[in-house]
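> 3D, please:
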Amino acid sequence: MTIRLYYDNAYQTDFTADVVARAEINGQPAVALDRTAFYPTGGGQPSDTGTLNGVPVVDVRDEGDLIWHVLAGLLPLDDTTVRGEIDWSRRWDHMQNHSGQHILSQSFIETHDALTVAWHLSDTSLTIDLNRIGLSDEALADAERLANLVVQRNLPITARIVSEDELPALALRKQPAIDGPLRLVEIGDFDRVACSGTHVAATAQVGLIKLLRAERRGQETRIHFVCGGRARADYERKHDLTRRLALRFGCAEDDLDTVVERMHEQANANYKALKEAQTALVEAEAQRLLATAARNGSEPHLIVAQYPGWQSEQVKQLALILRGFPGTVTVLTGGAAPQLFVARSEDVSIDAGQLVRALVAAAGGKGGGRGDYAQGAFPDWERAAQALALAADVVADARN
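Purely as a prediction, here's the structure:
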C-alpha cells in the first residue's frame, strides 16, 4: 500500500521512496512506490507533476492500494529507490483553488441555499455547478463578498480522519457517498466536508476569490471563478487591457464605457448610412446593366459582369434585383472570395441551377441551386473569369 504523504503535509515538495511495482499505462512506463507526495487525479482535482530521479512524472493515478506514477521515459531497473520532486507552482495553484472552491461553495449555501453538486479544476478553468438557476448578479456578488470575508478572517484549514460512527454528529456541507472512515477538511467554524485533496493551511493563503461569469446548464448554474495566483493574473491581464484601451482612445480608464458606447452608436449610424449607399449603388448598377442589355438586343437579355471589389451580399442583391425584370438571365461574380451568382426572370425557362452546375464544371468550381436562382464558388479569380467567358455559350446551349 502506498503511504500518501500529502495527507500529512501538503507543503512537502520532495521525498524518497522505494519502487514496489512497475507497469505500462497507455503505452507509457509507470511505477508504484511505497510512499509518495504526488497527489493523484481525483475528486475534481488534477494530479501533481514533477520528477522521479529526474524522469518527468506526467500523470498520477489512484488504483486503490497503490498510486501509479506515469512517466515520460523509462526509469532504470536498478533505480529501486527514487527521489521525488513535486512541481511546486502547480501544487500551490491547486491548493489555492481547491481551498477557494470549498469557501465559495459554502458561501453559496449560506447566502442563497445553493448546493455545489460538482466542481472541476484544470490548468485553464475552475468551476462549480450549483443546484439552482436564476441567480441574479446581486446574488453572485453576495456569495463572492462572503467568500472573501472568510479569506480575510484567515481561518485555519485542517484535515482529519473520522470514523463512520462519528459522521451523524458532524454537520457536513455535503453527505459523503461512501462508507467507512473519511478524511474531513475543515475551514475553522465555516465549512466541513469530506475531501481527499490538498489545501492551504489558512484561508488568507487563498488570496482573492473572484467570480468571472455564470451560465445556465439545464437546471443547474455553472460558476466560473479564479483564486489566488490565477485571480492576480486575471487582474493584471484586464488592467493592462484597460490601460492600453484608455491610451488608444485618449480617455481616462473610468470613461472607457462612455467612450465605447459613443463609438458604438457612431458605428451603427455609419453602418446604416453605408448600407443605404450600397443599396442605392446596387439599384443604379442594375439600371445600367439593364440599359446595356436592352441595347444589345438579345433575347433573353444576358447580363454578365464581375465585381471583385464588392461584398458578396451586394452582388447577390444585384442578381436578385435583375431577376425581377422580364426576359433576363444574369451571371455575376464577386465577393472577397470569387463567388458565382446566377438568376433568371420568371418568364425565362432556363434553369439557373443547371446553368451554375455547367459553369462550375467547365471552370473548376462548385455550386448549385434552384430554377430561378443559384450560387457557386471558384478557387481563384482566373477560374471565375473563365466561367464568365463561357456564360454566353452555356446559355445558348441551355436555350436549345
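
> the longest strand seen in the chain pairs with which strands?
When the chain is scanned for its longest strand (criterion: DSSP state E), the result is strand 14-25. Strand 14-25 has the following sheet partners, assigned by DSSP bridges: strand 28-33 (antiparallel), strand 81-86 (antiparallel).

> following the last one, which helix or strand shows up next?
When you say that, I think you mean strand 81-86. helix 88-112 (DSSP states H and E).

> so that next one versus strand 14-25, what angle?
Angle, helix 88-112 to strand 14-25, by axes from the mean of the first three to the mean of the last three CA atoms, to 10 degrees: 90 degrees.

> avg pLDDT for helix 88-112?
Summarised as a single mean, pLDDT over helix 88-112 is 97.

> okay, buried residues for that helix please.
Neighbour-count burial for helix 88-112 flags 90-109, 111 (criterion: 16 or more other CB atoms under 10 Å). Bear in mind the C-beta positions are built from the backbone N, C-alpha and C, glycine included.

> for residue 218, find the nearest of the strands paired with strand 14-25.
Closest to residue 218 of these, according to CB to CB: strand 28-33, at 36.6 Å.

> quick one: distance of the closest one to the chain centre.
From the chain centre to the centre of strand 28-33 is a distance of 33 Å (CA atoms, centre = their mean, to the nearest Å).

> what are the buried residues along that strand?
Within strand 28-33, the residues that count as buried by 16+ other CB under 10 Å are 29, 30, 31, 32, 33.

> next, format the residues you listed as JSON lines and append pLDDT and distance to residue 41.
Below are those laid out as JSON lines (pLDDT from 0 to 100; distance: CB to CB, whole Å):
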{"residue": "29", "pLDDT": "96", "distance to residue 41": "18"}
{"residue": "30", "pLDDT": "96", "distance to residue 41": "13"}
{"residue": "31", "pLDDT": "97", "distance to residue 41": "17"}
{"residue": "32", "pLDDT": "97", "distance to residue 41": "15"}
{"residue": "33", "pLDDT": "97", "distance to residue 41": "16"}
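
> make CSV from those and add distance to residue 162 to it.
Below are the buried residues of strand 28-33 laid out as CSV (distance: CB to CB, whole Å):
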residue, distance to residue 162
29, 37
30, 32
31, 32
32, 28
33, 27
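
> which of those residues lies closest to residue 361?
Closest to residue 361, out of all of the buried residues of strand 28-33 and judged by CB to CB, is residue 29, at 56.4 Å.

> what residues are bridge-paired with that closest one?
Under the criterion used here (DSSP bridges), residue 29 is bridged to residue 24.

> confirm for me that it is in contact with residue 74.
Yes. Residue 29 is in contact with residue 74 according to CB atoms under 8 Å; the separation is 5.2 Å.

> what is the longest helix anywhere in the chain packed up against?
For the chain, the longest helix by residue count, based on DSSP state H, is helix 256-296. When contacts are defined as 3 or more CB pairs under 8 Å, 6 or more residues apart in numbering; DSSP states H and E, helix 256-296 sits against helix 228-249, strand 301-307, helix 312-323, strand 328-334.

> could you chop this protein up by domain?
Here the domain assignment for the chain is 3-86, 92-241, 289-399, based on automatic domain parsing.

> out of those, flag the one nearest residue 249.
domain 92-241 (12.5 Å).

> what's the first-to-last distance across the closest one?
One end of domain 92-241 sits 27 Å from the other (CA to CA, to the nearest Å).

> so what's the gap between it and the chain middle?
Domain 92-241 has its C-alpha centroid displaced from the chain centroid by 22 Å (CA atoms, centre = their mean).

> now swap in stretch 65-81 and tell me
How far stretch 65-81 lies from its chain's middle: 35 Å, per CA atoms, centre = their mean.

> and that stretch, what's buried?
Along stretch 65-81, these residues count as buried under the neighbour rule (16+ other CB under 10 Å): 66, 67, 68, 69, 70, 71, 75.

> mind checking which of those land in strands?
Counting by DSSP E, the buried residues of stretch 65-81 place 66, 67, 68, 69, 70, 71 in strands.

> of those residues, just say which sits nearest to residue 171.
Ranked by distance to residue 171 (CB to CB), these are led by residue 67 at 31.4 Å.

> beta partners of that closest one?
Beta-bridge pairing for residue 67 (DSSP bridges): residue 62.

> that one contacts residue 31, doesn't it?
No. With contact defined as CB under 8 Å, residue 67 does not reach residue 31; the gap is 9.9 Å.

> mean neighbour count, mean pLDDT and distance to residue 2 added to the helices and strands packed on helix 256-296, as JSON lines?
Listed next are the helices and strands packed on helix 256-296 as JSON lines, based on neighbours: other CB atoms under 10 Å; pLDDT from 0 to 100; distance: least, CB to CB, whole Å:
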{"stretch": "helix 228-249", "mean neighbour count": "13", "mean pLDDT": "96", "distance to residue 2": "29"}
{"stretch": "strand 301-307", "mean neighbour count": "19", "mean pLDDT": "89", "distance to residue 2": "71"}
{"stretch": "helix 312-323", "mean neighbour count": "20", "mean pLDDT": "94", "distance to residue 2": "63"}
{"stretch": "strand 328-334", "mean neighbour count": "26", "mean pLDDT": "92", "distance to residue 2": "68"}
